[in-house]
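[1] need the 3D shape of this:
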Amino acid sequence: MKVYNISKWTFIGICLLILILPVSRHWQLLTTGKRATGTVMQYTVRIVEDIMGKRELEAASEISFEAGGITHTTYGPDNIEYLPGRTLTIFYKSSDPTVNCVATFTWFYLKGYVVVPIVLLTVWYAFYLSFNNYRKRRKSS
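    Next comes the predicted model:
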């Protein structure tokens, strides 16, 4: 009977791939989008409407940036307050600057998508442990 084993380097490599998953959601903006410097204006409360039409109040830092000679506004992650005047890197789609991302750890990992990598890491770790707990037994003569 063949016993399967997952190497330590394979385990680490797959963990890294899972950890960069939130960043990879924005790969097109990060690789082909234009880059601008945004300035945090204020921490504000705004009304946001979801896909189903439900409206909710959300607090976030308001960030302004210039694209094509026009000043645009975007928001940081909910309930994360950046200090006013802080400058941040913004990547945006050249044809539509409203499609953008703020290049910070908190924006990538705290913008509503952190649950998926946590679940995937948990499942991967359980899978790794279940395969690596088996040892080859020597045949007794």
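[2] where does this protein have its least confident helix or strand?
    One helix or strand of the chain scores below all others by mean pLDDT, DSSP states H and E: helix 105-109, with a mean of 83.
[3] beyond it, next helix or strand please.
    Later in the chain than helix 105-109, the nearest helix or strand by DSSP states H and E is helix 115-132.
[4] for that next one, buried residues please.
    Buried residues in helix 115-132, defined by neighbour count with 16 or more other Cβ atoms under 10 Å: 117, 120, 124, 128. Any C-beta I mention is one placed from the backbone N, CA and C, and that applies to glycine too.
[5] and the least confident helix or strand of the chain, what does it pack onto?
    helix 21-24 (3 or more Cβ pairs under 8 Å, 6 or more residues apart in numbering; DSSP states H and E).
[6] top strand in the protein by residue count?
    As assigned by DSSP state E, the longest strand anywhere in the chain is strand 34-49.
[7] what is that one packed up against?
    Using 3+ Cβ pairs under 8 Å, 6+ apart, strand 34-49 is in contact with strand 55-67, strand 70-75, strand 87-93.
[8] now the least confident helix or strand of the chain: buried residues?
    107-108.
[9] in contact with the closest residue to Arg46 other than its chain neighbours, which residues?
    Leaving aside its sequence neighbours, Arg46 sits nearest to Glu58 (Cβ to Cβ, 6 or more residues apart in numbering; 6.0 Å). Applying Cβ atoms under 8 Å, 6 or more residues apart in numbering to Glu58 gives the contacts 45-48, 75, 78.
[10] buried among these? Make that a ChimeraX selection.
    To isolate the buried members of these in ChimeraX, using 16+ other Cβ under 10 Å:
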select :75
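[11] redo the contacts of Glu58 as CSV? Include pLDDT and distance to Asn132.
    Output for those, formatted as CSV (pLDDT from 0 to 100; distance: Cβ to Cβ, whole Å):
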residue, pLDDT, distance to Asn132
Val45, 93, 49
Arg46, 90, 48
Ile47, 88, 50
Val48, 85, 45
Tyr75, 92, 44
Asp78, 86, 39
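[12] and the pLDDT at the closest residue to Val102 other than its chain neighbours?
    Nearest non-adjacent residue to Val102, counting by Cβ to Cβ, 6+ apart: Leu88, 5.4 Å away. Leu88 carries a pLDDT value of 94.
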